[in-house]
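Visitor: Please work out how this folds:
(one chain, ligands or ions: 1)
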Amino acid sequence: MGNKTIGIDLGTTNSCVSVVEGGHAVIIPNDKGERTTPSVVAFTADGQRLVGSAAAHQATVNAKRTVSSVKRQMGTDWRMNIDGKNWTPQEISAMILRKLRTDAENYLGEPVSDAVITVPAYFNDIQRQATKDAGKIAGLNVKRIINEPTSAALAYGLNTGAAQKIMVYDLGGGTFDVSIIEIGESVIEVLATSGDNHLGGDDFDERIVNWIAEEARRTQRVELKNDLVALARVKEAAEQAKKELSAAETAQITLPYITQQNGQPVHLDMTLTRAKFNELTRDLVERTAGPVQNALNDAGIAASELGKVLLVGGSTRIPAVQQKVRQLTGMEPNKNINPDECVAQGAAIQGDTLSGSKALSVNKGILLLDVTPLSLSIETVGGVATRLVERNSTLPIHYSQIFTTAAPFQSSVEIHVLQGERPMAADNKTIGKFKLKGIKRAPAGVPQIEVTFDIDTNGILRVSARDRDTGKEQGITITANEKMSDAEIDAAIRDAEQYASQDQARREALDIGHEAQQLINEVEKALDQQGKQLDKADKKQIKDHISALRKLVYKNQPDKTQSGDIAAIRDAMEKLKQSSGKLTQM
Ligand code: AMP
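Guide: As a prediction, this is how the structure comes out:
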């Protein structure tokens, strides 16, 4: 077995994997050479599972069997039903993790089993446990779960000499986290975290989608939202336009043949300006202000005391977001590490430290102190949430408090564990419940029941209760319904392994088929728009190449395809690319 520990940023929209090589955290490209992998999983009609861009590309035509943003569902009872099997968020995430692991193994040329995985600082215990379980299903030994902002700070912090407090402003695809972190010489401590679990680039995309749909309604009287396939294309175009607007003042949104109206094709062609985009998304950008202020308040510092502001997450490339950060902090944010990659890099650095190669040289070891994102309490008489652990307490935590009974001769108590900031139990989230039985008969208020909260460095909680008189003890790690049982995890591991051994060639055949089809679509579109300007012979050649390629694509059956067939398709694609080159030059 190899002994490298990989660092994984398991993101809502994109995931990234890194490893320390020669003292640097390098990004491991996937099998397509991309530095981040879309966190998308798809189940094709013929029983294949696709992960990453292969899944993202076919999302349009297979929308109902494609899962994206599964991270939003971690720790919930959400299930994806495919052909009668219910997939949990852990299992879907495990498919993404397994792909990252395979990419890492191909890159390193040796087996990989150890990993450090990052989660948003706002993730509660159930979500952290679900992430750990996903790693286990993917055959990974998850050495540690660390908070994304801590990880980003690590990617920066290593080469930073002076002690300072920094803000990490992380706006990704689906989550917003802001953290205040103190970087010392050998310690990185999260002083406070705040954020919004449901704010990210997806919301910005949605605003553009709504705008496009409204324009289509106004100018062409078509209802795009009724056409799922059209909607998926609109979503893709919206994200593309958003990205373009980070660098340019206007973006062109061109969607030919987007849908049909009375048997006639409908084409859309519109211009979105940065000013209009800013107007459509102003409230989203503004929503980051509250958490920024909360984090500063919780850390007990003013913005002027910050030494640095780090931008993390692809959405921090949006100019209006950067402007907001400047306005909120009065500082020019740091952008000299890639916002999409730094979280994975930090995890790799942490993994390298944990793997022991460096741990022995003490001055290289970095101690991470993470915090509990929310307060933890138990329910006491009258439905009150009695707090045992304040939010933003530094991990690991070991805390005990003595409680007693409310009724005479009460022989059992229920320990109802809650997470949240509200004073009444009912307003907080239940993260576990258990009963301590066999309490010695005594009048109310006499028994002494010691309740202990232990939170390890992964942020995983164990609660126990002990009757001091009888020594009877009960405890839980997490018993929420959302947590998978060990048997379920084992079954999922077996299933995932079975999938991993599936023939690699079948996937390659599928991928090449999609790529070829996409090329045909693009060339046909270009021919349609600019074909008139070509001379006849050129046009005929392109058409011949299209039909030759199309024949091969039709013949391509993933089950039967040989490597020679794949080479023939590649060859035909190359020919078409060359002959259609004239079109793109127009
Ligand atoms: P992350 O989860 O950090 O990979 O962030 C992904 C989000 O960043 C997605 O919503 C992307 O659309 C968005 N994103 C990536 N690049 C850009 C860009 N250049 N401008 C605006 N948003 C971007």
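Visitor: Return the list of helices and strands in contact with the longest helix anywhere in the chain.
Guide: As assigned by DSSP state H, the longest helix anywhere in the chain is helix 504-530. Under the contact definition 3 or more C-beta pairs under 8 Å, 6 or more residues apart in numbering; DSSP states H and E, helix 504-530 sits against helix 53-57, strand 250-261, helix 536-555, helix 563-579, helix 581-584. The way it works is simple: take the backbone N, C-alpha and C, and place the C-beta from them, glycine included.
Visitor: mean confidence for it?
Guide: In this model, helix 504-530 has a mean pLDDT of 79.
Visitor: can you state the direction angle for that helix and helix 536-555?
Guide: With axes from the mean of the first three to the mean of the last three C-alpha atoms, to 10 degrees defining the directions, helix 504-530 sits at 150 degrees from helix 536-555.
Visitor: Distance from the chain centre to helix 504-530, please.
Guide: 28 Å (C-alpha atoms, centre = their mean, to the nearest Å).
Visitor: Spell out which parts of the stretch 251-400 of the chain neighbour the ligand.
Guide: 313-315, 317-318, 340 (C-beta under 6 Å from any ligand atom).
Visitor: Rebuild those as a markdown table, extending it with pLDDT, secondary structure and distance to Val446.
Guide: Shown next, in a markdown table, are these (pLDDT from 0 to 100; DSSP: H, G, I helix; E, B strand; the rest coil; distance: C-beta to C-beta, whole Å):
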| residue | pLDDT | secondary structure | distance to Val446 |
| --- | --- | --- | --- |
| Gly313 | 93 | coil | 54 |
| Gly314 | 92 | helix | 59 |
| Ser315 | 95 | helix | 57 |
| Arg317 | 95 | helix | 62 |
| Ile318 | 97 | coil | 61 |
| Asp340 | 92 | coil | 59 |
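Visitor: Just the closest of those to the ligand, please.
Guide: Nearest to the ligand among these, counting by C-beta to the nearest ligand atom, is Gly314 at 2.2 Å.
Visitor: Could you check how far the nearest residue to Glu390 once chain neighbours are set aside is from Lys429?
Guide: With C-beta to C-beta, 6 or more residues apart in numbering as the criterion, Glu390 has its nearest non-adjacent residue at 5.5 Å, and that residue is Ser375. Applying C-beta to C-beta, to the nearest Å, one obtains 11 Å for the distance of Ser375 from Lys429.
Visitor: what sits in contact with each of these two?
Guide: Here Ser375 and Lys429 share the contacting residues 419-420, scored by C-beta atoms under 8 Å, 6 or more residues apart in numbering.
Visitor: more neighbours, the two?
Guide: Higher neighbour count among Ser375 and Lys429: Ser375, with 19 against 14, using other C-beta atoms under 10 Å.
Visitor: Can you verify my assumption that that one contacts Arg387?
Guide: Yes - counting by C-beta atoms under 8 Å, Ser375 touches Arg387, with 5.3 Å between them.
Visitor: any low-confidence regions in the chain?
Guide: For the chain, applying pLDDT under 70 flags the ranges 1-2, 60, 157-161, 185-187, 356-374, 392, 478-486, 488-507, 558-561, 584-586.
Visitor: what residues are up against Thr175?
Guide: 12, 71, 120, 122, 195-200.
Visitor: need the residues of this structure near the ligand, please.
Guide: Checking the chain against the ligand by C-beta under 6 Å from any ligand atom, the hits are 11-14, 36, 172-173, 201-202, 239, 242-243, 246, 313-315, 317-318, 340.
Visitor: switch the cut-off to 5 Å
Guide: 11, 13-14, 172-173, 201, 239, 243, 246, 313-315, 317-318, 340 (C-beta under 5 Å from any ligand atom).
Visitor: which of these lies closest to Ile520?
Guide: Set against Ile520, the nearest of the residues of the chain next to the ligand by C-beta to C-beta is Glu239 (23.4 Å).
Visitor: Please give me every residue in contact with the spatially closest residue to Asp114 that is not a sequence neighbour.
Guide: Once flanking residues are discounted, Asp114 sits nearest to Thr5: 4.1 Å by C-beta to C-beta, 6+ apart. Taking C-beta under 8 Å, 6+ apart as the criterion, Thr5 is in contact with 19, 114-116, 143, 348, 351-352, 354-355.
Visitor: quick one, phi psi at Thr5?
Guide: The phi/psi pair for Thr5 (degrees, to the nearest 10) reads phi -110, psi 120.
Visitor: leaving aside the residues next to it on the chain, what's closest to Glu305?
Guide: Lys165 (6.1 Å).
Visitor: which residues does that neighbour bridge with?
Guide: Here Lys165 sits in beta bridges with Glu182, going by DSSP bridges.
Visitor: So what's the gap between stretch 415-432 and the chain middle?
Guide: How far stretch 415-432 lies from its chain's middle: 26 Å, per C-alpha atoms, centre = their mean.
Visitor: ah, wrong one, I meant stretch 319-331
Guide: 24 Å.
Visitor: Arg468: what's it in contact with?
Guide: Residues in contact with Arg468, defined by C-beta under 8 Å, 6+ apart, are 402, 447-450.
Visitor: circling back: ok, which of the helices and strands packed on helix 504-530 comes nearest Met424?
Guide: Here helix 53-57 is closest among the helices and strands packed on helix 504-530 (C-beta to C-beta), at 43.2 Å.
Visitor: Show me what counts as buried in the host helix or strand of Lys276.
Guide: Using DSSP states H and E, Lys276 sits within helix 274-286. By 16 or more other C-beta atoms under 10 Å, the buried positions in helix 274-286 come out as 274, 277, 280-281, 284-285.
Visitor: Thanks a lot, catch you later.
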